[in-house]
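Predicted coordinates and the sequence they were generated for:
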Amino acid sequence: MRSLRGVRFALALAGLCACVSAHGAVAPEVSAYPAKPVRMIVPFAPGGTNDILGRMVANHLGTRLGQTFIVDNRPGADGAIGTEYVMKANPDGYTLIVLSAAYAMNPAVRKLPYDPQTAVEFIIGLGSGPTVLSVGPSMPVDSAKALFAVAKSKPGQVIFSTSGGFQYFATALLQTLSGQKFNIVLYKGTAPALVDVIGGQTHASIAPILPSQPHFKTGKLRPLAMGTLKRSAMLPDLPTLDELGVKGFDAANWYTIAVTPGTPKGVTDKLYAEAAAYMRSPETLKTLTSMGVEVEVRSTAEVRKFVRDEIVKWRQVAIDARMPREGK
């Protein structure tokens with residue numbers, strides 16, 4: 001009997017030790033994170049706002065956490081290729097991704113190899129980049145109202161340059177909410193799209209403020225309205241489309257950092273705290289404001305709800321514009 005009790009005690013003690021080990025192992029891993037280089041995936045080509053923001057945050061995290069954060073550009077399918085890569089990575093916090101509005105738009109026009117509601121775990125919302133409606137020399141109007149009047153009198157003849165993806169959706173939303181019919185021409189990037197507006201081959205564009213601003217200063221492009229619900233500090237006197245009667249128009253390219261689902265909460269909490277402090281610092285706010293980025297730090301829960309609403313919004317835009325869907 002004594003021998004049996006001894007065996008039971010030993011088994012219980014072993015189980016207790018195993019339990020303590022299993023639960024205690026998490027804390028050292030989280031406190032030591034990161035113990036090796038971290039990969040920050042940017043699912044677009046270098047040079048865009050996703051890339052610039054990703055590199056800024058990666059540099060800060062590397063400095064603060066004492067480890068290298070490597071920016072890895074994996075463009076393709078409007079961000080879907082990079083997203084799939086992160087979704088399949090180990091859930092250990094060593095693979096992050098910088099996502100943008102394309103993440104919420106892709107489900108409306110693509111058959112994706114993942115569910116956008118569960119493919120990633122959001123860490124933090126960083127902010128957004130506003131858009132501007134502008135015209136070139138071939139469209140001699142000085143207001144959005146005048147532009148829409150021309151579009152109404154010549155349905156389908158006012159040509160909008162767009163780079164596709166986010167800009168295509170923004171232009172389609174403008175067409176729907178303004179009640180006008182535009183001729184939307186797709187380009188491989190924002191720069192060539194704006195070049196043709198400036199050159200007179202096309203008439204107008206609704207594009208991010210950062211690449212548009214230099215052309216406003218030279219007079220090659222005329223800004224008519226902001227494409228977001230609030231005015232921009234870069235163009236404080238420029239009214240929004242919503243103010244001018246295109247009610248509810250809001251097309252901002254937002255940015256967020258996410259990670260593979262199942263990553264320990266202690267790791268994501270650490271990343272959130274560091275990234276949030278960086279985004280809220282006066283120096284960062286000054287730099288990003290000069291780039292046309294509106295900083296708005298959002299928590300995991302806030303980003304999750306925001307993205308869910310964005311998916312619904314842009315799916316309806318695609319339906320209203322009768323956008324073709326790939327991979328049916």
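Everything's here; your move.

so what's residue 42 up against?
50, 51, 54, 71, 72, 73, 74, 82, 97, 98 (C-beta atoms under 8 Å, 6 or more residues apart in numbering). Backbone N, C-alpha and C define where each C-beta goes, glycine included.

Phi and psi next, for it.
For residue 42, the backbone dihedrals are phi -110, psi 110 (criterion: degrees, to the nearest 10).

Now do it against residue 271, distance only.
Applying C-beta to C-beta, to the nearest Å, the value for residue 42 to residue 271 is 16 Å.

the helices in the stretch 201-328 of the chain, which residues?
Using DSSP state H, counting those that start in this stretch, the helices of the stretch 201-328 of the chain run over 209-218, 265-280, 282-290, 300-320.

List the buried residues for the second one?
Going back to what we said before, that points to helix 265-280. 267, 268, 270, 271, 272, 274, 275, 276, 278, 279 (16 or more other C-beta atoms under 10 Å).

mind checking how far residue 229 is from residue 109?
Distance from residue 229 to residue 109, by C-beta to C-beta: 24 Å.

Of those two, give the one with the bigger neighbour count.
Neighbour comparison, residue 229 and residue 109: the larger count goes to residue 109, with 19 against 15 (by other C-beta atoms under 10 Å).

which residues touch that one?
Here residue 109 is in contact with 318, 323, 324, 325, 326 (C-beta under 8 Å, 6+ apart).

try 6 Å this time
Neighbouring residues of residue 109 by C-beta atoms under 6 Å, 6 or more residues apart in numbering: 318, 323, 325.

Now, of those residues, which are buried?
Among the contacts of residue 109, those classed as buried by 16+ other C-beta under 10 Å are 318, 323.

between the buried residues of helix 265-280, which is nearest residue 189?
The closest of the buried residues of helix 265-280 to residue 189 turns out to be residue 279 (C-beta to C-beta; 26.9 Å).

wait, the closest one sits on residue 297?
Yes: shown here, residue 279 and residue 297 form a contact pair, counting by C-beta atoms under 6 Å, at 5.3 Å.

just for the stretch 151-300 of the chain, where's the confidence low?
Filtered on pLDDT under 70, the stretch 151-300 of the chain yields no residues whatsoever.

Over to the stretch 1-150 of the chain?
For the stretch 1-150 of the chain (pLDDT under 70), the answer is 1-29.

Do a quick rundown of the strands in the stretch 151-300 of the chain.
In the stretch 151-300 of the chain, the segments counted as strands under DSSP state E, counting those that start in this stretch are 159-162, 183-186, 204-208, 222-226, 253-259, 294-298.

and the longest one, which strands flank it?
Strands that pair with strand 253-259, judged by DSSP bridges, come out as strand 95-100 (antiparallel), strand 121-129 (antiparallel).

highest average neighbour count across those strands?
strand 95-100 (a mean of 27; mean count of other C-beta atoms under 10 Å).

Helix or strand next in line after that strand, which one?
Counting by DSSP states H and E, the next helix or strand C-terminal to strand 95-100 is helix 102-109.

Specify the beta-bridge partners of the nearest residue to residue 222 once chain neighbours are set aside.
Counting by C-beta to C-beta, 6 or more residues apart in numbering, residue 222 lies nearest to residue 135, which is 5.4 Å off, once chain neighbours are set aside. Taking DSSP bridges as the rule, residue 135 bridges to residue 204, residue 222.

do the same with residue 70
Under the criterion used (DSSP bridges), residue 70 bridges to residue 39.

For the contacts of residue 42, pick the one with the most neighbours.
Counting by other C-beta under 10 Å, top hit in these: residue 97 with 29 neighbours.

quick one on the thing from earlier: just send the strands paired with strand 253-259 back as JSON lines, with distance to residue 66 too.
Formatted as JSON lines, those follow (distance: least, C-beta to C-beta, whole Å):
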{"stretch": "strand 95-100", "distance to residue 66": "17"}
{"stretch": "strand 121-129", "distance to residue 66": "19"}
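
between those strands, which one is nearest to residue 139?
With C-beta to C-beta as the measure, strand 121-129 is the member of these nearest residue 139 (24.0 Å).

tilt between that closest one and helix 209-218?
10 degrees (axes from the mean of the first three to the mean of the last three C-alpha atoms, to 10 degrees).

mind giving me the domain ranges of this protein?
Domain assignment for the chain by automatic domain parsing gives 35-128+252-320, 131-226.
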